[in-house]
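Asks: Sharing a model prediction with you, sequence too.
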Amino acid sequence: MASSRNPAARRRRRLLGRRATPGAAPGTVAYSGVHQGEPVTISAIRYRADRLDEREVEPDEAVALLDAAKAGEEVLWLDVVGLGNGELLASLGAGLGLHPLWIEDVANVGQRPKLEAADDALLIVLRALRGTNDGARFEAEQVSLALAPGVLVTFQERPGDVFDAVRQRLRREGSRVRTRGADYLAYALADAVVEEAFVLLASLGEAVETLEDESFRRPSPRHLQRIHDLRMEALQVRRTVGPTRDLLAALLREEAVLLLSETRTFLRDVHDHAVQAADDVESLRELLTGLQEATLSTLSLRMNEVVKVLTVISTIFIPLTFLVGVYGMNFEHMPELGWPLAYPLVWLVIIVIGVGSAWMFRRRGWW
């Protein structure tokens, strides 16, 4: 239980993910994520230019809808939320014509964004960024898109996603997405994933700018901890948008018959956005690295100034301490103790030594 409350442990799980049980047979469909026990829900959207039907369906009905959609003129989008039902995932994969190893990758979350292609099926594994409620700015979640003729199935770990804007476009009669095929819908969802990364990058950039202003005005060790946290968040974004950029480039090179030439034009635009996002996150990481070095240098300089002042004060008072220590000894025969001017003379020597030492340090620029 302690590790679940540890921010460093949560951050490590987000960065590294979890793996399937070692030694499992190839093709074993077993969910490996942290959202164990999440109920499985399936929403189905069937549409064409002049018609749209949106509703929740049961697992058995979802499998039946796949077979009907391949022979019909409508486009079917099944959104599966919750990956704990391995039997359902295997059935949907078989209905789509996906290889069993592909379905294993869908359930075994934490995958690097990847592309699997066949003549009549396509699997796109993405990592989507979205905000959290546990103090972190965002976390990455695996989102898989399985494309077949006239059908698109999305697999997500838990409710809440970045696809609401696409759903609103589908509900609007006359929208472009309503007049295109399932490949265009896959493009629209991939574009939503990349655009959400831009939103979170903007939030991260604002946090970096605020921290930069604060650290230059009055740096403190607290700012170093904050810089470290932001660097970890930037690393998480980099681990998401960088592979996404590579995946989109591979998708553009893939000669898949499911992707129409018009859709490839839009995919090139998404790839450009992913390249820009990758460049932005690299700029943020370089800025954070420079800010960390500047903060460390400033803190070190301030510490040196404090040490220098303390050293000067100590150097001034060392001879004075020696002088008063000598005359503080309780010897019976000390001739100076009988002099009438001994006390003011000692004070005069103390003042001359103190002022002279301070003047010498100031003249040499040591203070």
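Replies: Received it, and whenever you're ready, just let me know what you need. Just so we're clear, the structure is a prediction, and the values are computed from it rather than from any experiment. Numbers count the residues shown, from 1 in each chain.
Asks: host element of D269?
Replies: For D269, the element it lies in under DSSP states H and E is helix 261-326.
Asks: Surely T295 is in contact with E214?
Replies: No - counting by C-beta atoms under 8 Å, T295 stays clear of E214, with 10.0 Å between them. Quick note: C-beta positions are derived from backbone N, CA and C, even for glycine.
Asks: Now list whatever residues contact both of those two.
Replies: H223 (C-beta atoms under 8 Å, 6 or more residues apart in numbering).
Asks: So for those two, which residue has more residues nearby?
Replies: More neighbours surround T295 than the other of T295 and E214, with 22 against 15 (other C-beta atoms under 10 Å).
Asks: what's the burial count for A121?
Replies: By other C-beta under 10 Å, neighbour count at A121 equals 20.
Asks: what's it sitting at in phi/psi?
Replies: With angles defined as degrees, to the nearest 10, A121 sits at phi -150, psi 150.
Asks: Distance-wise, check it relative to A146.
Replies: 7 Å (C-beta to C-beta, to the nearest Å).
Asks: Summarise which helices and strands the helix holding D269 is packed against.
Replies: Judged by 3 or more C-beta pairs under 8 Å, 6 or more residues apart in numbering; DSSP states H and E, helix 261-326 is in contact with helix 182-217, helix 221-253, helix 342-363.
Asks: what angle sits between it and helix 182-217?
Replies: On the basis of axes from the mean of the first three to the mean of the last three C-alpha atoms, to 10 degrees, helix 261-326 is oriented at 20 degrees to helix 182-217.
Asks: who wins for proximity to S32 among the helices and strands packed on helix 261-326?
Replies: Smallest distance to S32 across the helices and strands packed on helix 261-326 (C-beta to C-beta): 17.6 Å, for helix 221-253.
Asks: In that closest one, which residues are buried?
Replies: 223-224, 226-227, 229-234, 236-249, 251 (16 or more other C-beta atoms under 10 Å).
Asks: same thing with stretch 60-68?
Replies: Going by neighbour count (16+ other C-beta under 10 Å), the buried part of stretch 60-68 is 62-63, 65-66.
Asks: ok, of those residues, which one's closest to F266?
Replies: L66 (25.2 Å).
Asks: what kind of secondary structure is that closest one in?
Replies: On the three-state scheme (DSSP: H, G, I helix; E, B strand; the rest coil), L66 is labelled helix.
Asks: and it, what is it in contact with?
Replies: Each residue near L66 by C-beta under 8 Å, 6+ apart is listed here: 76, 78, 92, 95-96, 148, 151, 153.
Asks: Sort out which of these are in helices and list them.
Replies: Under the assignment DSSP state H, the contacts of L66 contribute 92, 95-96 to helices.
Asks: Can you say which of those are buried?
Replies: Buried by 16+ other C-beta under 10 Å: 92, 95-96, out of the ones in helices among the contacts of L66.
Asks: Please report how far the closest residue to T154 other than its chain neighbours lies from E214.
Replies: Distances taken as C-beta to C-beta, 6 or more residues apart in numbering place D79 nearest to T154, at 5.0 Å, with adjacent residues excluded. Using C-beta to C-beta, one gets 42 Å for the distance from D79 to E214.
Asks: what do you get for S261?
Replies: The spacing between S261 and E214, counted by C-beta to C-beta, is 51 Å.
Asks: Can you pull out the low-pLDDT segments for the stretch 1-150 of the chain?
Replies: The model of the stretch 1-150 of the chain has pLDDT under 70 over residues 1-27, 70-72, 131-137.
Asks: ok, so what distance separates T298 from Y184?
Replies: Plainly put, T298 is 52 Å away from Y184 if you go by C-beta to C-beta.
Asks: Looking at these two, which is more packed in?
Replies: Y184 (21 against 16).
Asks: Return the closest of the ones in helices among the contacts of L66 with respect to G356.
Replies: Proximity of the ones in helices among the contacts of L66 to G356, judged by C-beta to C-beta, is greatest for L92, which lies at 89.5 Å.
Asks: Please list the outside residues in contact with stretch 194-205.
Replies: If you take C-beta under 8 Å, 6+ apart as the criterion, stretch 194-205 is touched by 128-131, 137-138, 162, 230, 233-234, 237, 240-241, 244, 270, 273-274, 277, 280-281, 284.
Asks: got a pLDDT number for T154?
Replies: Per-residue confidence (pLDDT) for T154: 95.
Asks: which of the residues in stretch 273-282 are buried?
Replies: Across stretch 273-282, burial judged by 16+ other C-beta under 10 Å covers 273-275, 277-278, 280-281.
Asks: Make CSV from these and add distance to L291 and pLDDT to it.
Replies: Below are those laid out as CSV (distance: C-beta to C-beta, whole Å; pLDDT from 0 to 100):
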residue, distance to L291, pLDDT
H273, 26, 93
A274, 26, 93
V275, 25, 94
A277, 21, 91
A278, 20, 91
D280, 16, 91
V281, 15, 91
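Asks: how about TSV for these, with distance to V109 added?
Replies: Below are those laid out as TSV (distance: C-beta to C-beta, whole Å):
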residue	distance to V109
H273	24
A274	21
V275	25
A277	22
A278	22
D280	26
V281	22
